[in-house]
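Participant: sequence and predicted structure are below.
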2 protein chains.
Amino acid sequence: MSSVSIPPPKCLLKSLVVPYRHMFGPGPSNVPLRILEAGANPVIGHMHPEIFKIMSDIKSGIQYMFQTQNNMTLAVSGTGHSAMECAIFNAVEPGESVLTAVNGIWGERAAEMTERIGARVNTIVTPPGGFFTNAEIEQALSKHRPVLFFLAHGESSTGVLHPLEGIGQLCHKYNCLFLVDSVASCGGTPLYMDQLEIDILYTGSQKVLNAPPGTAPISFSERACQKILNRRTKPVSFFLDLNFFPSACRYHHTGPVTAFYSLRESLAVLVEEGLQNSWERHQEVAEYFHAGLESMGLKLFVKPKEARLPTVTTIVAPHGYDWKEITAYIMKTHNLEISGGLGPSVGLVLRVGLMGCNSSKANVDMVLAALKDALKHCHKSKV
Amino acid sequence: MSSVSIPPPKCLLKSLVVPYRHMFGPGPSNVPLRILEAGANPVIGHMHPEIFKIMSDIKSGIQYMFQTQNNMTLAVSGTGHSAMECAIFNAVEPGESVLTAVNGIWGERAAEMTERIGARVNTIVTPPGGFFTNAEIEQALSKHRPVLFFLAHGESSTGVLHPLEGIGQLCHKYNCLFLVDSVASCGGTPLYMDQLEIDILYTGSQKVLNAPPGTAPISFSERACQKILNRRTKPVSFFLDLNFFPSACRYHHTGPVTAFYSLRESLAVLVEEGLQNSWERHQEVAEYFHAGLESMGLKLFVKPKEARLPTVTTIVAPHGYDWKEITAYIMKTHNLEISGGLGPSVGLVLRVGLMGCNSSKANVDMVLAALKDALKHCHKSKV
């Protein structure tokens, strides 16, 4: 006879307490109350007509945010990583050639994901902070003849905003799909999916959109859909198989409806402000921030102004300091998150994200004051 | 020069309105306000110490709910389907033999997922409403020598609660891992992971736990961890690769923190009531419901009483009626969701789920009244 032998854990008898914190790292960002509250609406069925309407509103919102007319536009039930796998799993078959631009962690991740499904991966690589010319990209496309080219628009690990002009056209010249990661950039800087001939574009909910992490907008061009439709093999994941998405009226999986409520609300906020206004605000605030950093004697990690991501700023790790002490001091003293590097940029930079509602001059002043205070109080070696 | 050509969608200028509805289908269930409100707490970083504490509380809660001491116990950032893929992707390598028990849709899904990653899949199959004897299972284990055996404990498409006694031991006799889907059953009926020698067990957040869909508790035995540790190939998914989970202090992906707040709260509710009390309540309410259905002249789809799932009840589709008219009538007139069949049970049954806070005699009375009303008002053929 069996019996309950694992006792109820006492830790769960205590109330959940979550502090408020200024989320000025590379994400997640702060979530406005109105978006949090949208997510607290009642759960109804993922097949109810109200949910189909919400999904349709979300689709329209993403089409606007991405500047695309693509019919295959939706929110993946998962974080940015799910969207990345959704793109790669659907667009690539085992044995196919894929080209990945690696100028930070996201290109590395895309290469890793692609290798796992048995594709042949080639990379073009530049040190953190760098980016690629169209000539370099064309040379690699011509050499490797990939079916898919991955590029991060906003490389949040290094703070680089990659130029996109002309790359979609190059890809199509070589009969290759153009996949762009805009998790850290979309909504905060101009991005025109259709005009740039991007075939697959995705972003996250928790950056400029200021929704909780857990959903990821994604869109596929007609060219991408055709390749997916003509696959010889099934994608490795049932959960992310795009063939199930077009017929929203068939049960596929239980959608995270409350996360969709929040996502819809976050897109409504963007629509109310207007995309152009949002882009301009992020640019203006970033320039104000960058000027403030330079006047403090700090150095920006990305040298060319036009390649600086307006959403995530990378600062050269201040000489003589331990960057971990700086971020810890600012968290402890100012209740404010900024972060160090990630992947190839660890130890090289401090990263500050001011995205969506967080992108304001008042917040810049708060970060600058916190940094000044940290540089005064943290230990400096006598080098 | 590019410009904004896709205009802001007007649909997003309207406020989000979500109706309240009695969610008495096979899931998602209604979510109590306290759990919805927990999810509206501020977003903080997925690497902040408070989140590690919340993840640790969740781990303790899942260990209690599953009755396991497994260290590798966690919540997957995704719905039940993600947990299913997490289990299969990590435990199985291409070319290996897998055995799947198919007595409804979940066995079919597991077989499909396993095929996609290149494993050799064998099935044992029984018509909807049936289940397997240990002798049948042993015969198949002995014949196919699988590395993994999949069984749905609660087959929500047919309403079958599968007996589990002795199957774990059989699996281990044949050096096979025992994978159990308890999405629809866990928390509502006795389930002892360790005593039953289950190697991988998962459930969903949106059933007995009454949390929003979007997270999925999962646990791996030491035996399962050893197999995963000794893989020759990497799992196809980076996102679901278990090798990243043990070191929670390393960045892997952005966790859906607000979904974890709700999940923690839902586990706290279970701890407060006590597992045994929850099991007994679900059983008592189910028996009350089943008696009520029979006294109305309706027939239960699952004949043996001990094989009836106490969380999801399947009723033989009433003779002479169109089941779709019944569910639509009840939704329209009573603001109450019950559903038809799923997969192999479509057209055969009506399904009613009373899970977690929804499992009460008052709700049974509400469903019975709605069914009576529907049978009176829906069109009946003169067969």
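Facilitator: Cool, the structure landed.
Participant: the strands in chain A, which residues?
Facilitator: Ranges of strands within chain A are A:22-23, A:72-76, A:97-102, A:120-125, A:148-152, A:154-155, A:160-161, A:177-181, A:200-202, A:216-220, A:312-316, A:336-337, A:339-340, A:349-353, based on DSSP state E.
Participant: do you know the pLDDT at the closest residue to A:Pro9 other than its chain neighbours?
Facilitator: With sequence-adjacent residues excluded and distances taken as CB to CB, 6 or more residues apart in numbering or on different chains, A:Pro9 is closest to B:Ser60, at 3.6 Å. From N, CA and C alone the C-beta is placed, and that goes for glycine too. B:Ser60 carries a pLDDT value of 97.
Participant: quick check, B:Ser60 in contact with A:Pro7.
Facilitator: No - B:Ser60 lies out of contact with A:Pro7 (CB atoms under 8 Å); the separation is 10.0 Å.
Participant: returning to what we had before: tally of neighbours for the residue nearest to A:Pro9?
Facilitator: 20 (other CB atoms under 10 Å in any protein chain shown).
Participant: which stretches of chain A have low pLDDT?
Facilitator: A:1, A:245-252, A:383 (pLDDT under 70).
Participant: what about the longest helix in it?
Facilitator: Identified as the longest helix of chain A according to DSSP state H is helix A:275-295.
Participant: now do it: distance to the chain's middle.
Facilitator: On the basis of CA atoms, centre = their mean, to the nearest Å, helix A:275-295 sits 19 Å off its chain's mean C-alpha point.
Participant: need the residues that contact stretch A:107-122.
Facilitator: Residues from elsewhere that reach stretch A:107-122, judged by CB atoms under 8 Å, 6 or more residues apart in numbering or on different chains: A:81, A:84-85, A:88-89, A:92-102, A:123, A:125, A:140, A:143-144, A:146, A:148, A:150-152, A:155, A:179, A:181, A:236, A:343-344, B:234-238.
Participant: OK, contacts around A:Thr79?
Facilitator: By CB under 8 Å, 6+ apart, the neighbours of A:Thr79 are A:204-206, A:213-216, B:77, B:253-256.
Participant: over to A:Thr313?
Facilitator: A:159, A:286, A:289-290, A:293, A:300, A:351-354.
Participant: at 6 Å instead, please
Facilitator: Going by CB atoms under 6 Å, 6 or more residues apart in numbering or on different chains, A:Thr313 touches A:159, A:352.
Participant: quickly list what it is bridged to.
Facilitator: Beta-bridge pairing of A:Thr313 under DSSP bridges involves A:Val352.
Participant: give the buried subset of the contacts of A:Thr79 as a ChimeraX selection command.
Facilitator: Selection of the buried residues among the contacts of A:Thr79 in ChimeraX, burial being defined by 16 or more other CB atoms under 10 Å in any protein chain shown:
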select /A:204,205,206,213,214,215,216 /B:77,253,254,255,256
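Participant: for chain B, what are the nearby residues on the stretch 151-300 of chain A?
Facilitator: Residues of the stretch 151-300 of chain A lying close to chain B (CB under 6 Å from any CB of the partner chain) are A:192, A:195, A:212-214, A:234, A:236, A:238-239, A:253-254, A:256, A:258-259, A:264-265, A:267-268, A:271, A:275-276.
Participant: now, of the residues you listed, which are buried?
Facilitator: If you count burial by 16+ other CB under 10 Å, the buried members of these come out as A:192, A:195, A:212-214, A:236, A:238-239, A:253-254, A:256, A:258-259, A:264-265, A:267-268, A:271, A:275.
Participant: nearest residue to A:Leu177 in space, please, no chain neighbours.
Facilitator: Distances taken as CB to CB, 6+ apart place A:Asp199 nearest to A:Leu177, at 4.2 Å, with adjacent residues excluded.
Participant: and the one you found, backbone torsions?
Facilitator: Note on A:Asp199: backbone dihedrals following degrees, to the nearest 10 are phi -90, psi -40.
Participant: still on that earlier bit, and the longest helix of chain A, which residues are buried?
Facilitator: A:275, A:278-279, A:281-283, A:285-286, A:288-290, A:292-293.
Participant: now the angle from that helix to strand A:349-353?
Facilitator: Orientation of helix A:275-295 against strand A:349-353 (axes from the mean of the first three to the mean of the last three CA atoms, to 10 degrees) gives an angle of 140 degrees.
Participant: just want the residue of the stretch 51-200 of chain A that's nearest chain B.
Facilitator: A:Ser60 (3.6 Å; CB to the nearest CB).
Participant: I'd say that residue and B:Pro9 touch.
Facilitator: Yes - counting by CB atoms under 6 Å, B:Pro9 is a contact partner of A:Ser60 at 3.6 Å.
Participant: just to revisit the earlier point, and the buried ones among the residues of the stretch 151-300 of chain A next to chain B, which of them are in helices?
Facilitator: Those of these mapping onto helices are A:258-259, A:264-265, A:267-268, A:271, A:275, per DSSP H.
Participant: okay if I get these as CSV plus distance to A:Ala370?
Facilitator: CSV is the format used below for these (distance: CB to CB, whole Å):
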residue, distance to A:Ala370
A:Thr258, 33
A:Ala259, 31
A:Arg264, 34
A:Glu265, 30
A:Leu267, 31
A:Ala268, 32
A:Val271, 33
A:Leu275, 30
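Participant: closest to A:Val17 among those residues?
Facilitator: Proximity of these to A:Val17 (CB to CB) peaks at A:Thr258, which lies at 21.0 Å.
Participant: I'd say that closest one and B:Pro212 touch.
Facilitator: Yes - with contacts defined as CB under 6 Å, A:Thr258 counts as touching B:Pro212 at a distance of 4.1 Å.
Participant: find residues that contact each of the two.
Facilitator: Residues touching both A:Thr258 and B:Pro212 (CB under 6 Å, 6+ apart): there are none.
Participant: hmm, back to that, farthest-separated two in the ones in helices among the buried ones among the residues of the stretch 151-300 of chain A next to chain B?
Facilitator: Greatest spatial distance among those (CB to CB): A:Thr258 and A:Leu275, at 25.8 Å.
Participant: and the closest residue to A:Thr314 other than its chain neighbours, how many neighbours does it have?
Facilitator: Distances taken as CB to CB, 6+ apart put A:Gly159 closest to A:Thr314, at 3.1 Å, once the chain neighbours are dropped. Residues lying near A:Gly159 (other CB under 10 Å) number 30.
Participant: picking that back up, pull out the buried residues from the contacts of stretch A:107-122.
Facilitator: For the contacts of stretch A:107-122, buried by 16+ other CB under 10 Å: A:81, A:84-85, A:88-89, A:92-93, A:96-102, A:123, A:140, A:144, A:146, A:148, A:150-152, A:155, A:179, A:181, A:236, A:343-344, B:235-238.
Participant: any idea how far A:Asn134 is from A:Ile124?
Facilitator: For A:Asn134, the distance to A:Ile124 (CB to CB, to the nearest Å) stands at 12 Å.
Participant: the more surrounded of these two?
Facilitator: Taking neighbours as other CB under 10 Å, A:Asn134 and A:Ile124 compare with A:Ile124 leading, 20 against 14.
Participant: is it true that the more buried one touches A:Ala101?
Facilitator: Yes - using CB under 6 Å, A:Ile124 is in contact with A:Ala101, at 5.4 Å.
Participant: need the residues touching each of those two.
Facilitator: By CB under 6 Å, 6+ apart, A:Ile124 and A:Ala101 have no common neighbours.
Participant: ok, now which ones touch A:Pro127?
Facilitator: By CB under 6 Å, 6+ apart, the contact list for A:Pro127 is empty.
Participant: so which elements touch the longest helix of chain A?
Facilitator: Contact here means 3 or more CB pairs under 6 Å, 6 or more residues apart in numbering or on different chains; DSSP states H and E; on that basis helix A:275-295 packs against helix A:361-377.
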